[in-house]
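>>> Dropping the sequence and predicted coords here.
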Amino acid sequence: MKRIIFFAKFAVILSCCNIFPAEAFDGRGSSFNIGVEGYYDNYKEPIVDLNEHAAFGSLTAGYQYNNGKYFSAVDLRYAAGSNDYKSPSGVIKNIPQYEGEGRLRFGLVTGNRNTEFILYTGLGYKYFYDHSKNRVTNLGLWGYDRRIRHLYFPIGVTFNRNLEDFAKWSLSSNFEFDKLIIGKVTSQLGYLGGDPDITNTQYNGYGMRGEIMLGRQFDKTLLEFGPFFRYWQMDDSDIHALGYYEPLNKRVNFGAAIRLSF
C-alpha cells in the first residue's frame, strides 16, 4: 500500500513540474474505441477454503472527449464466463457467470504528439452475477445465485510513447488503484425454501489494475493489443441478523486485450 501511495504522489509531482511541454499538446478531439478481452479469473475466500477458477471473454467500448490538455471518458465492459467451484461443500463444474462494468473518468494530459503522460480519476460501478441456482455439488448440496455490486473510485496514470525506431508503432502502459466506496452482496437463498435472500454490505476493499499495450497506427485508426491484470480484495462484510456475512475474499484476472480506436 505504501508503494501505491508513493507512486501516486510521484505522478502528481511530475504533472505539477510539467516535465513534458504541455503547450505542445493540443488535444485530439473525440475518439471511440471497441475491443475484446480473454482472461483467466480466480476467486478465493481463504477463511472457508473456497477456490474458483473461470475463463472469461469480454466486449469493451469507450468514448473520450479531449479539450486541450483535459479529457473526460466513458468506459463500458461486458463479460461472460464459465466457472469451476470448489469448497468444503463440494464441487460444481461449468457455472455461468457474468460481469458488467461502467466507468466515468476525467483527467489531465501533458506532453506532445510523441510522448503523453496522463493522470485521471472518476467513478466506477461493477456488477457480478453467479448463476449457481438449481445446481448441486458432488456432495449433494444445492447452489444458489449471487449478485455482487461494487461502487468505487479509480486513480490512474498512463504513459504513451511513440517508438521512434518503428514508424507508426507506439507503446502504452497503465496502472490504476481503485478504492471501494461501498459493496452489496446478495445471496439468493430464498428458492431453497429455508432462509430468505441475504444481502451483506462491504465497506472496506481495494483493487489494482494495469496493462501494457503495443499499438499500430493505420491512417486515423489505432490498433492496440497486449496483456493486462485486475485484482480486487474485499474485507469482511457486515453481519446479517441471521448470522451470515461475506468473508475476506480476493479476485485476480490475467489476460490479453485487443482494442481499436478511431
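Now that the structure is in, tell me what you want to look at.

>>> now Lys184, which residues is it bridged with?
Beta-bridge partners recorded for Lys184 (DSSP bridges): Arg149, Thr201.

>>> Could you verify my assumption that it touches Ile198?
No - taking CB atoms under 8 Å as the contact criterion, Lys184 and Ile198 are not neighbours in contact, 11.0 Å apart. Using the backbone N, CA and C atoms, a C-beta is placed for each residue, glycine as well.

>>> In terms of neighbours, single out the busier of those two.
Ile198 (20 against 16; other CB atoms under 10 Å).

>>> Please name the residues that touch the more buried one.
With contact taken as CB atoms under 8 Å, 6 or more residues apart in numbering, Ile198 is in contact with Thr186, Ser187, Leu189, His240, Leu242, Tyr244.

>>> burial count for the last one?
I take that to be Tyr244. 16.

>>> Same check on the third one?
Applying other CB under 10 Å, we find 18 other residues in the vicinity of Leu189.

>>> quick one: the strands in the stretch 1-150 of the chain?
31-45, 50-67, 70-87, 90-111, 115-130, 145-162 (DSSP state E, counting those that start in this stretch).

>>> and the residue nearest to Glu45 when sequence neighbours are not counted, what are its bridge partners?
The spatial neighbour of Glu45 that comes closest, neighbours along the chain excluded (CB to CB, 6 or more residues apart in numbering), is Asn249 at 4.7 Å. Under DSSP bridges, the beta-bridge partners of Asn249 are Met234.

>>> give me the number of residues near Asn249?
Other residues lying near Asn249 total 23 when counted by other CB under 10 Å.

>>> Tell me who's in contact with Gly207.
Under the criterion of CB under 8 Å, 6+ apart, the contact list for Gly207 reads Tyr152, Phe177, Asp178, Leu180, Arg230, Tyr231, Trp232, Gln233.

>>> Counting neighbours, which of these end up buried?
By the neighbour-count criterion of 16 or more other CB atoms under 10 Å, the contacts of Gly207 include these buried positions: Tyr152, Phe177, Asp178, Leu180, Arg230, Trp232, Gln233.

>>> tell me the two of these that are most distant?
Within the buried ones among the contacts of Gly207, two members stand farthest from each other by CB to CB: Leu180 and Arg230, at 13.9 Å.

>>> Give me the subset of the contacts of Gly207 lying in strands.
Tyr152, Phe177, Asp178, Leu180, Arg230, Tyr231, Trp232, Gln233 (DSSP state E).

>>> Is it possible to get TSV of these that adds distance to Asn204 and pLDDT?
Converted to TSV, these look like this (distance: CB to CB, whole Å; pLDDT from 0 to 100):
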residue	distance to Asn204	pLDDT
Tyr152	12	98
Phe177	15	98
Asp178	13	98
Leu180	7	98
Arg230	19	98
Tyr231	15	98
Trp232	12	98
Gln233	9	98
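
>>> Reformat the residues you listed as JSON lines; add distance to Gly107.
Compiled in JSON lines, the ones in strands among the contacts of Gly207 are given as follows (distance: CB to CB, whole Å):
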{"residue": "Tyr152", "distance to Gly107": "16"}
{"residue": "Phe177", "distance to Gly107": "14"}
{"residue": "Asp178", "distance to Gly107": "15"}
{"residue": "Leu180", "distance to Gly107": "20"}
{"residue": "Arg230", "distance to Gly107": "20"}
{"residue": "Tyr231", "distance to Gly107": "22"}
{"residue": "Trp232", "distance to Gly107": "22"}
{"residue": "Gln233", "distance to Gly107": "25"}
